[in-house]
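*Asks:* Based on what follows, work out the 3D shape:
(2 chains)
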Amino acid sequence: MNLTARNVSKEFPRKTGSSNCFTALQPLDLTLEAGKLTIVTGRSGSGKSTLLNLFGGLLKPTAGTILAGDTDLYALSDRELSVFRNSHIGMIPQGQTAIYSLTVLENVLLPLRLYGKPEQQDENRARSLLERLDIAALADCCPSELSGGELRRMAIARALLPQPEILLADEPTADLDEENTEIVFRLMKQTAGEGCAVMLVTHETCAKAYADELYTMQNGKLAGGIKK
Amino acid sequence: MNLAYRNCKGKPVRTTILILLTALLSLAVCGGTLLVSGLQKGLGSLEARLGADIMVVPYEAKTKSNLESIVLQGNPGYFYMDKSRFEKIAGLDGIGQISAQFYLASTSSGCCSIPVQIIGFDPATDFTVTPWLKRSFTGNLEDGDIIVGNDLNAFPGDTLTFYGIDCHVAAKLDKTGTYYDSAVFTNIGTIQKLIRSSLDRGMNDFSRIDPEKVVSAVLINAAEGYSPEEVMNDINIHVKKVKAVQTKEMISGISSSLKGTSDVIGVLIGAVWFLGLIILLLAYSISVGGRKREFAVLRMIGASQGKLASVIMQEAMLCGILGALAGTGISLLGMMTFRTAIGEAIGLPFLLPDALQTALLALFSLAAVLLTGTAAAAFSAYRISRIDTALILRGDNG
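*Replies:* Sure thing, here's the model as predicted:
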């Protein structure tokens, strides 16, 4: 499934300054193609996360449309959009995103529990993902027992578990060492290789080596689109 | 795995505080409602126990305020008037039912088992005591038999001694919530013997009376077509050295104190409920506000606004049910255990409602507290379901 932004822009109201609004994203057209890893780099505050949240159905654009396949995300009702996100989009946001009353394994299985009941094969897949991310031994631990890097990997496993058609990752390697960073990038690449449209927002320069398409954000403008 | 349950279990301190707050609210609402209900039922019971339109007593009894002290507050005491006055009253117009009562107070000295108010009545004419005595005792009250009030530590088959005379406990009364709970009832023959014995022992203030020629009080119901006020005035005009009073007036003092007490308790319940609502509102607001990021994560993985709100409402229901059950249970237990002490402390007739009414009141309290808890949580649920997920999830690198 492709994810397409058509003439999408985003402005935020601002109380101070000369203008009464702040343009976080200039009008842009962008397609995240199924089977490709799209990497977006840029300085802090350049609009990368805004773009990612727009694609994730979490932030309504000021103008333009976002199509997931033929579905206009923001034409859906809240419930329809939520169910769509649950079944088609995996997201890895910045920071720690654990539910602290659940174990690591339960956190990973949570997307499948929202509208259904995970089966044994789902649990096996969750354990397998944790294994690949080198945190299998922590499956039954509480999130409070994990380090920042381990929590990030848990969030990655949670995003990948439902086998989404679209994967949006915002600095997924922020707290990881070099070895784990490489593991995560390889996993992203592999996920794209399996047919998923992957968008990765990162500061890591080594990520470029994995990109199918590479963009740079600057002051809300998207530049690049270098195909590798 | 239920997320709401796991959230409650995962944060025991937060959950305990919410349960405790709800329990306190429930305790106040259920306890207060039962208290007001018990007072109202106590007054109703007292009205029913008096059971007559008019009470006639010796003039001294009224002036010395003995009457209310004995009849309403249950302090042991006695007074007498000549039996001829009873006959004179009976001959007046407007008298429907009429019956005499005899009072005697036992003492704590060696002659008596316990210090209580002893009330003698004539089973042949009585219309105030017999109707409710029949609920506990259907036999004939023989000479030497007594019926004891519910608060007294005596049971059917026991023997109690008053002024040296052994009396057989024939029955024990149901709880009335009035002074009757600490009184002893007997027939005319027995009380006359007891009065005689108290005189013989020099333990009666009225040393010159003949027990067979006196009565303590005359109870009257006005005949059809006559108003109690009319009959009372007629007695006060035509019969000397007595004071006729309407029982309605006698309990008007208690009735107004009860109304005052009920109003105060009602206001307190309202204040506690309002305070509880505000505290719960704040507690849920803080509890939910502190987990904004967790709720944003739930939104991110596909929880709809409704689903997010339902997690919070389920948490509130869990804490609410546990808290309300605990609070209601404790207040029921407390009321049952300390009902006598509560009545004594308040100084007003106090009778807990029957099991069905109590259960209904408890259910009402449960529902009210649950509704309060969920209403307080609903506000937080509404706010959190409309959080700006993107804003919460974005860091500083956007």
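*Asks:* ok, B:Arg14 - contacts?
*Replies:* Counting by C-beta atoms under 8 Å, 6 or more residues apart in numbering or on different chains, B:Arg14 touches B:Ser287. For every residue, glycine as well, the C-beta is placed using N, CA and C.
*Asks:* Does it lie in a helix or a strand, and which?
*Replies:* In this structure, B:Arg14 sits in helix B:12-50 according to DSSP states H and E.
*Asks:* In terms of secondary structure, what does the helix or strand just after that helix contact?
*Replies:* The first helix or strand that comes after helix B:12-50 along the chain, using DSSP H and E, is strand B:54-58. Judged by 3 or more C-beta pairs under 8 Å, 6 or more residues apart in numbering or on different chains; DSSP states H and E, strand B:54-58 is in contact with helix B:66-71, strand B:217-222, helix B:228-238, strand B:242-246, helix B:247-250.
*Asks:* what does the fourth one contact?
*Replies:* The one in question is strand B:242-246. With C-beta under 8 Å, 6+ apart as the criterion, strand B:242-246 contacts B:53-59, B:61-63, B:67, B:81, B:85, B:89, B:218, B:220, B:228-229, B:231-233, B:235-236.
*Asks:* A:Met154 contacts A:Gly148, doesn't it?
*Replies:* No: A:Met154 is beyond contact range of A:Gly148, at 10.7 Å (criterion: C-beta atoms under 8 Å).
*Asks:* which one of the two has more residues nearby?
*Replies:* A:Met154 (26 against 11; other C-beta atoms under 10 Å in any protein chain shown).
*Asks:* State the distance from the residue most central in space within chain A to chain B.
*Replies:* Geometric centre of chain A, nearest residue: A:Leu168, 2.1 Å, by C-alpha atoms, centre = their mean. Look at A:Leu168 and chain B: by C-beta to the nearest C-beta, to the nearest Å, they are 10 Å apart.
*Asks:* Can you give me the buried ones in the helix or strand hosting that residue?
*Replies:* Assigned by DSSP H and E, A:Leu168 belongs to strand A:166-170. Buried residues in strand A:166-170, counted by 16 or more other C-beta atoms under 10 Å in any protein chain shown: A:166-170.
*Asks:* could I get the helices and strands packed on strand B:54-58 as a markdown table with mean pLDDT and mean neighbour count?
*Replies:* A markdown table is the format used below for those (pLDDT from 0 to 100; neighbours: other C-beta atoms under 10 Å in any protein chain shown):
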| stretch | mean pLDDT | mean neighbour count |
| --- | --- | --- |
| helix B:66-71 | 65 | 20 |
| strand B:217-222 | 92 | 23 |
| helix B:228-238 | 93 | 17 |
| strand B:242-246 | 88 | 20 |
| helix B:247-250 | 76 | 17 |
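*Asks:* how about those, which one is nearest B:Gly177?
*Replies:* helix B:66-71 (14.8 Å; C-beta to C-beta).
*Asks:* would you list every one of the helices in the chain?
*Replies:* Since no chain was named, I'll use chain A. A:48-55, A:78-88, A:104-114, A:120-132, A:148-160, A:178-193 (DSSP state H).
*Asks:* nope, chain B please
*Replies:* So, for chain B - with DSSP H - the helices run B:3-10, B:12-50, B:59-63, B:66-71, B:83-90, B:130-133, B:188-200, B:228-238, B:247-250, B:252-289, B:292-300, B:305-346, B:355-385, B:389-393.
*Asks:* Using PDB, write out every CA atom in stretch B:181-194.
*Replies:* In PDB, the C-alpha atoms belonging to stretch B:181-194 read as follows (Å, rounded to 0.1, in the frame of the first residue of the first chain):
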ATOM      1  CA  ASP B 181     -36.800  -0.900  74.500                       C
ATOM      2  CA  SER B 182     -35.500  -0.400  78.000                       C
ATOM      3  CA  ALA B 183     -38.900  -0.900  79.800                       C
ATOM      4  CA  VAL B 184     -40.700  -3.800  81.400                       C
ATOM      5  CA  PHE B 185     -44.400  -4.400  80.900                       C
ATOM      6  CA  THR B 186     -46.800  -6.300  83.100                       C
ATOM      7  CA  ASN B 187     -50.500  -6.500  83.900                       C
ATOM      8  CA  ILE B 188     -52.400  -4.500  86.600                       C
ATOM      9  CA  GLY B 189     -52.300  -7.300  89.200                       C
ATOM     10  CA  THR B 190     -48.500  -7.700  89.000                       C
ATOM     11  CA  ILE B 191     -47.700  -4.000  89.100                       C
ATOM     12  CA  GLN B 192     -50.100  -3.400  92.000                       C
ATOM     13  CA  LYS B 193     -48.100  -6.100  93.900                       C
ATOM     14  CA  LEU B 194     -44.800  -4.500  92.900                       C
END
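*Asks:* which of the helices of chain B has the lowest average pLDDT?
*Replies:* Lowest mean pLDDT of the helices of chain B: helix B:66-71, a mean of 65.
*Asks:* Identify the residue spatially nearest to the residue in the stretch 1-150 of chain B that chain A sits nearest to, adjacent ones excluded.
*Replies:* Of all residues in the stretch 1-150 of chain B, B:Gly10 sits closest to chain A, at 2.7 Å by C-beta to the nearest C-beta. Closest residue to B:Gly10 apart from its sequence neighbours, by C-beta to C-beta, 6 or more residues apart in numbering or on different chains: A:Ser101 at 2.7 Å.
*Asks:* What residues does the stretch 201-350 of chain B have near chain A?
*Replies:* B:293-294, B:297-307 (C-beta under 8 Å from any C-beta of the partner chain).
*Asks:* just to revisit the earlier point, gap between the residue of the stretch 1-150 of chain B closest to chain A and A:Leu114?
*Replies:* Using C-beta to C-beta, to the nearest Å, we find B:Gly10 at a distance of 18 Å from A:Leu114.
*Asks:* Could you do A:Ala209 as well?
*Replies:* Counting by C-beta to C-beta, the gap from A:Ala209 to A:Leu114 is 35 Å.
*Asks:* who's more crowded, these two?
*Replies:* A:Leu114 (18 against 12).
*Asks:* quick revisit: ok, the residue of the stretch 1-150 of chain B closest to chain A - contacts?
*Replies:* B:Gly10 neighbours (C-beta under 8 Å, 6+ apart): A:100-102.
*Asks:* now those as a markdown table including pLDDT and neighbour count?
*Replies:* Shown next, in a markdown table, are these (pLDDT from 0 to 100; neighbours: other C-beta under 10 Å):
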| residue | pLDDT | neighbour count |
| --- | --- | --- |
| A:Tyr100 | 90 | 16 |
| A:Ser101 | 89 | 21 |
| A:Leu102 | 91 | 21 |
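*Asks:* Domain map for chain B?
*Replies:* B:3-45+B:255-393, B:73-248 (automatic domain parsing).
*Asks:* Nothing else from me, thank you.
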